[in-house]
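A.B. asks: Predicted model and sequence below, questions to follow.
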Amino acid sequence: MRTGRVVGVRGLELPKKDKTQFTAAQKHFADEWLIDNNGTRAYKVAYPKVTKDETAAAAATRMLKNVKVDAYIKTKQAAMAAKYEITQERVLEEYAKLAFLNPKAFYNDKGGLIPIHELPDDVAVALTGIDVKEIFIGKGEKRKQIGHIKKINFSDKKGALDSVGKHLGMFVDRLEIAHSIMLAPEKITKPEDAGT
């Protein structure tokens, strides 16, 4: 008959390890995973004795299936989403700003680039950078600026459209499976023999 205790050396009773307990290492793993969703890296940080990427990746996959770890991660994600007011609607709204941006919105009626501080918020959100190149003529003390070139960089429109389309279920990933079946000759009947 089995009991709930483990007997050690000289009859000393050892505490039974509780496999349902959420350990400090599991919490460390989950906190690290929440940084960048990289299970391999998170596992190697939480369990520094593991040095091989393959081992860490396999263990991380198992760890993410652990009910306690999964619940902890979901709780932390929900708390972060609430703190920063991240909702599906808000994310979709931001994607829509990027996906449906008209580049003309960066320019005024005369074709000049609108200063950043004057851009409407829904246009400015798409701006990732401005490159300015000054154009000079002459050399030394006679050098004189005669103009500049401004190049605007904005978010990936196609990527945003793809994300919106996937969210709406517009794109279905299709998997094509080719399969051949070999039949034994005695199992094949001719259409005219089928009625006999």
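C.D. replies: Thanks, I have it. Quick caveat, the model's predicted, so the values are computed rather than measured. Residues are numbered from 1 along each chain as shown.

A.B. asks: how far does the longest helix belonging to the chain sit from the chain's center?
C.D. replies: As assigned by DSSP state H, the longest helix anywhere in the chain is helix 67-83. On the basis of C-alpha atoms, centre = their mean, to the nearest Å, helix 67-83 is displaced by 16 Å from the centre of the chain it belongs to.

A.B. asks: neighbouring contacts of that helix?
C.D. replies: With contact meaning C-beta atoms under 8 Å, 6 or more residues apart in numbering, helix 67-83 is reached by 20-22, 26-27, 29-31, 33-34, 63-64, 86-87. To be clear about C-beta, it is placed using only N, CA and C from the backbone, and glycine gets the same treatment.

A.B. asks: Put together CSV for those residues, with pLDDT and distance to residue 74 on each row.
C.D. replies: As requested, those are arranged in CSV below (pLDDT from 0 to 100; distance: C-beta to C-beta, whole Å):
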residue, pLDDT, distance to residue 74
20, 64, 18
21, 82, 19
22, 89, 13
26, 96, 14
27, 96, 14
29, 97, 15
30, 96, 10
31, 96, 14
33, 95, 12
34, 94, 11
63, 96, 14
64, 96, 11
86, 85, 14
87, 88, 16
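
A.B. asks: got any ranges where the protein has weak pLDDT?
C.D. replies: Within the chain, the stretches falling below the threshold (pLDDT under 70) are 1-20, 173-177, 179-196.

A.B. asks: Next up, phi/psi of the residue most central in space within it, please.
C.D. replies: In the chain, the C-alpha closest to the average C-alpha coordinate belongs to residue 37, at a distance of 7.5 Å (C-alpha atoms, centre = their mean). Reported as degrees, to the nearest 10, the phi and psi values for residue 37 are phi 60, psi 30.

A.B. asks: How is the nearest residue to residue 153 once chain neighbours are set aside assigned, secondary-structure-wise?
C.D. replies: Spatial nearest neighbour of residue 153, excluding adjacent residues (C-beta to C-beta, 6 or more residues apart in numbering): residue 129 at 4.3 Å. With DSSP: H, G, I helix; E, B strand; the rest coil as the basis, the three-state label of residue 129 is strand.

A.B. asks: I'd say residue 129 and residue 155 touch.
C.D. replies: No: in terms of C-beta atoms under 8 Å, residue 129 does not count as a neighbour of residue 155; the distance is 10.5 Å.

A.B. asks: More neighbours: these two, which one.
C.D. replies: Regarding residue 129 and residue 155, a neighbour count based on other C-beta atoms under 10 Å identifies residue 155 as having more, with 16 against 8.

A.B. asks: In contact with residue 34: list those residues for me.
C.D. replies: Applying C-beta under 8 Å, 6+ apart, we find residue 34 in contact with 73, 76, 77, 80.
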